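> Quick one, structure for this:
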Amino acid sequence: MANFIVSYDLNGPTPSHKQVDDLLSRLGAKRARVLETVWWVDYSGTPAQLRDHLKTILRSEDGLLVCKCSSAAWQSLLVDNQSLVNAWNNAA
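Model prediction:
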C-alpha cells in the first residue's frame, strides 16, 4: 500500500462528500478526511487507477487531484494527529 493525497472540488449537486467517502470505502482503502475536500488514502494501485475509480462518480466540471506521497508535514487537520501518523507510517 502507499500514501495518496486526494483533493477535489465538487461543482454540482452530485456527488456529495458522503458519496466520495462511500466510493473510497468500497475500494477497501483506509482513508481519512484531513481537510474539507482533501483525503489521505492508503491504496495499493497507482495514482491514475485511483483517479479513474473516483472519476466514475465525478462530473466533468468537478476537479480532482491524486498525488502519491512519500513524506508529508501537517498542522491542525480534521483527523487525529497520532492516528494519521500511525496510518501514514504503516502505509509507507
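> Check the gap between S25 and Y8 for me.
Note on S25: its distance to Y8, by C-beta to C-beta, to the nearest Å, is 16 Å. C-beta here means a position set from N, CA and C on the backbone, and glycine is covered the same way.
> so what pLDDT did S16 get?
As summarised for this prediction, S16 has a pLDDT of 92.
> so who does it touch?
Listed by C-beta atoms under 8 Å, 6 or more residues apart in numbering, the contact set of S16 reads L10.
> in the chain, which ranges drop under the pLDDT threshold?
92 (pLDDT under 70).
> And the helices in it?
With DSSP state H as the criterion, the chain has helices at 17-26, 47-55, 81-91.
> Would you convert those into a markdown table that also reports mean neighbour count and distance to L64?
Formatted as a markdown table, the helices of the chain follow (neighbours: other C-beta atoms under 10 Å; distance: least, C-beta to C-beta, whole Å):
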| stretch | mean neighbour count | distance to L64 |
| --- | --- | --- |
| helix 17-26 | 14 | 10 |
| helix 47-55 | 16 | 6 |
| helix 81-91 | 13 | 21 |
